[in-house]
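K.L.:
got a sequence here, can you model it:
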Amino acid sequence: QQRGRRYNLFLKQRLRIDKRHQSKDSIFFRDGIRRIDFVLSYVDDLNKEWEKKLERRKEFESNLQKAGLELETEDKKESEDGKIYFVKIHAPWEVLITYAEVLNIKVPIKENDIPSTVENPLDCMLAPLRLPEKVMHPEPDYFTAPFSKDKQELYLINDESTFFSPSMRNRIVNYILTRCPYGTEEGKKKFGIKRLLNNGTYSAAYPLHDCQYWKKANDPNCDNERYTLYMEWARFLRFYKEQPLDLIRKYYGEKIGIYFAWLGFYTEMLFLAAVVGLICFLYGLFTMDENMSSKEICDPEIGGEIIMCPLCDRECEYWRLNTTCESSEYSHLFDNVATLFFAIFMGIWVTLFLEFWKRRQARLKYEWDLVDFEEEQQQLQLRPEYEAKCTQKKKNPVTQEMEPYLPLTSQAVRFCISGTTVLFWVSLIIASMIAVIVYRLAVYAAFASLMENTQSLESISGLLTPQLATSVTASCLNFVIIMILNFFYERIAIWITDMEIPRTHMEYENRLTMKMFLFQFVNYYSSCFYVAFFKGKFVGYPGAYTYMFNRWRNEECDPAGCLIELTTQLTIVMAGKQIWGNIQEAIVPWICNWWGRRKARNNPENLYSRWEQDHDLQTFGPLGLFYEYLEMVIQFGFITLFVASFPLAPLLALMNNILEIRVDSWKLTTQYRRPVAAKAHSIGVWQEILNGMAILSVVTNAFIVAFTSDMIPRLVYYYAYSENEDSPMSGYINNSLSVFQISDFPDRNKPKMNPGNFVICRYRDYRYPPDHEKKYLHTMQFWHILAAKLAFIIIMEHVVFIVKFFVAWMIPDVPADVKAKIKREKYLTQKILHEYELEKLKEKLCQGDKLATEKEVIATEGRMELSRAM
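P.N.:
Numbers count the residues shown, from 1 in each chain. Coordinates of the predicted model:
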């Protein structure tokens, strides 16, 4: 017996040595021939559910083998920590061709003979931006057709082991895993790897990367695509290079490929917007000294002699206008004539971006064989969760087959709960925004009383006015609240979407997208909407101020306008979000992976297997791309909805996106497990969201120019009220400030002290003076300005919308050459298939029923003629 134990131990040691010789950094089974298409891992924890989990695993793995998959288990003794079992899965040829037909996967039938487009004369100038041809186009272009088991000789099958790419193989295996049953519990049939992961039966399920990212694999059969992606794409030093989209699509699948194609195109288009925005900003910078308004505010003879009414009740004192000299000078950077031009330009730029993206997307659909994908999406993406939870069945009117469905009453109840939850959280955001406004009002008084004492009538610490100090601190507080609410709502949104039980994967993503975007829209933009459209608009006037909750006096704008505060708010929220997003995306996964791999570094590399290396990486879940899109769409809102207040926003977005592309590619290639390949023919519901924001941006920018900036009041003064022909804008500041008699202050508003014994003070409004018969009522100039603002909004909106719709009409969604190629490919594919069928029928004619086969030949030839005619 002891000799037997020694012999067994010897065999185990020998087997272990053989495995080491086979190289642990391998993507093949121990035989070195069968490729590992998927890996399942689990820990054999001896808790009270151990037996139940063991039973589930046995049943599940047995059913996988019945489905034709081949399994190979690595004992926990072979793992680096001695705790984890790894089940390696291989899909043999018979399984691949069976499910390739089920999934309608398109495969090559003939090399593409359509000549490529004419070379661009600028190609030689763009050569430094290009990548090697082998990287950009890793495989030839083929005509393709949906796979059919009965027509295998029709396809270009040179090698069965490489005919289906690794991304296709892992997609097929994942399809089987998500639908494989593992038993019956509580009278219900249970199936799918997702449930087994949720209940802890397995700890992970993932396809393997093909090699380590920093060096090529020793195996000559390995494509080393991960290494190529890292060297040519995922390093920041390659930021100026084009993206290898075909290689990304081949390695990660079409869904991830189309995201990076969209992000790259968006970044390219931002370059134009950033250049124009920078020119507008430089115009404001170079004309700063010519701005008559800030000259008058800074002039000791004008602004120094104008005494302004107190900024808060009781505690604040009177102050001189020239104390806001610096802030008025800097407000001109963003509040000038170029602002109007840039707002109109961005309205047209958005249309150009969306229309040209449709063309780019159409080209990708053709190149990546996604032209007919929309139909198969609805048929193939039925969610396993829907099938499991919907116990009732009804006949499908199209297929005439019984399929699960959710009763209308159940749907209504679920939607009511979902809608109520979303409304509650949106109300919570609005409540938090009101809390921030209350903070602004309370702290504003504190800042004002702190900065304005008797000695400070001459100066208020340069740029740090009470308005600016309040705006900066409130913006920071608002950003923190945004991040906290985001953290909780993300989990709530996923929970209520799961509860609705959407039928297809696309439906699930669309519903989750709308919930998350609605929340994020209110969360991120509510504070900007407040500053842009509400702050300083409902202040009242000295002696009759308006109060929030009858306690806090509403905020006033700076004498130079509210636009500089909107710029501050936008900069803090936008820049803060981008910095925090990059920290979350890059640094957090890197720290987690470093912590997880710290033990493995102490072991020799040949003992750290490929499946263990990938197991220690982070998981790129099914919602991984969702968060990437959401981040970019929120950024898109910042650079379109409020761009009139901050022309440098596109430049900030451009710099962020150049970094974002490389951060996303780096983390996907180095820090995450390989995602399961998925198909997508477009960016989905995000396209509709971008279209909606493009239309809304025209309205918001028109209102910002009209009501938040000082452009319209200045133009009305210039053309209607100026009395100085040599310098039409001189006297504008005095004209824009109304007079208030201090003796008219009620006790609630009157300052405690008046050391200067001032008789009158000025405030920002157009009202009659105290000695007029219409004392403190609005003047005609106020109504002229209001009419001009409304007229400007109507004119600007109509002009921009007309140009937008004209541009959208002029630019076709699908390029003419792509339309021709699609028709040509369909024709040639049909011709090849028909010729193949004809050959088969002729062979049949030689062997069997002559009369019946002759009729089939005639019918097939007729179909070919009809196809040619069409």
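K.L.:
buried sites along stretch 408-426?
P.N.:
Buried residues in stretch 408-426, counted by 16 or more other Cβ atoms under 10 Å: 418, 421-422, 425-426. The way it works is simple: take the backbone N, C-alpha and C, and place the C-beta from them, glycine included.
K.L.:
my bad, should have said stretch 773-789
P.N.:
So for stretch 773-789, counting by 16+ other Cβ under 10 Å, buried means 776, 778-779, 781-782, 784-786, 788-789.
K.L.:
give the burial count for residue 247, as a bare number.
P.N.:
Applying other Cβ atoms under 10 Å, we find 23 residues neighbouring residue 247.
K.L.:
just the element for it, please.
P.N.:
Assessed by DSSP states H and E, residue 247 sits inside helix 245-252.
K.L.:
how far out from the middle of the chain is that helix?
P.N.:
19 Å (Cα atoms, centre = their mean, to the nearest Å).
K.L.:
for residue 278, which non-adjacent residue is spatially closest?
P.N.:
residue 651 (5.8 Å; Cβ to Cβ, 6 or more residues apart in numbering).
K.L.:
report the helix or strand with the lowest average pLDDT across the chain.
P.N.:
When the helices and strands of the chain are compared on mean pLDDT, DSSP states H and E, helix 2-21 comes out lowest with a mean of 42.
K.L.:
next structured bit after it?
P.N.:
Next element after helix 2-21 (DSSP H and E): strand 38-43.
K.L.:
buried residues, that following strand. List them.
P.N.:
Here strand 38-43 shows 38-42 as buried, counting by 16+ other Cβ under 10 Å.
K.L.:
please convert those residues to JSON lines, extending it with pLDDT and distance to residue 210.
P.N.:
What follows is these, written out as JSON lines (pLDDT from 0 to 100; distance: Cβ to Cβ, whole Å):
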{"residue": "38", "pLDDT": "95", "distance to residue 210": "14"}
{"residue": "39", "pLDDT": "95", "distance to residue 210": "13"}
{"residue": "40", "pLDDT": "95", "distance to residue 210": "19"}
{"residue": "41", "pLDDT": "94", "distance to residue 210": "19"}
{"residue": "42", "pLDDT": "93", "distance to residue 210": "24"}
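K.L.:
looking at those, which is nearest residue 546?
P.N.:
residue 41 (63.6 Å; Cβ to Cβ).
K.L.:
is it true that that closest one touches residue 84?
P.N.:
Yes: under the criterion of Cβ atoms under 8 Å, residue 41 makes contact with residue 84 at 5.4 Å.
K.L.:
for residue 593, grab the count of nearby residues.
P.N.:
A count of nearby residues for residue 593, using other Cβ under 10 Å, gives 17.
K.L.:
secondary structure element for it?
P.N.:
Assigned by DSSP H and E, residue 593 falls in helix 588-597.
K.L.:
now that helix, how far from the chain's geometric center?
P.N.:
24 Å.
K.L.:
dump that helix to PDB, restricted to CA.
P.N.:
C-alpha atoms of helix 588-597 as PDB (Å, rounded to 0.1, in the frame of the first residue of the first chain):
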ATOM      1  CA  VAL A 588      -8.100  51.900  -9.600                       C
ATOM      2  CA  PRO A 589      -7.900  48.800 -11.800                       C
ATOM      3  CA  TRP A 590      -4.100  49.000 -11.800                       C
ATOM      4  CA  ILE A 591      -3.900  49.100  -8.000                       C
ATOM      5  CA  CYS A 592      -6.400  46.200  -7.800                       C
ATOM      6  CA  ASN A 593      -4.400  44.100 -10.200                       C
ATOM      7  CA  TRP A 594      -1.100  45.000  -8.500                       C
ATOM      8  CA  TRP A 595      -2.500  43.900  -5.200                       C
ATOM      9  CA  GLY A 596      -3.900  40.700  -6.600                       C
ATOM     10  CA  ARG A 597      -0.600  39.800  -8.400                       C
END
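K.L.:
what packs against the helix or strand just after it?
P.N.:
Next along the chain after helix 588-597, taking DSSP H and E as the criterion, comes helix 610-615. Using 3 or more Cβ pairs under 8 Å, 6 or more residues apart in numbering; DSSP states H and E, the elements in contact with helix 610-615 are strand 38-43, strand 84-90, strand 204-206.
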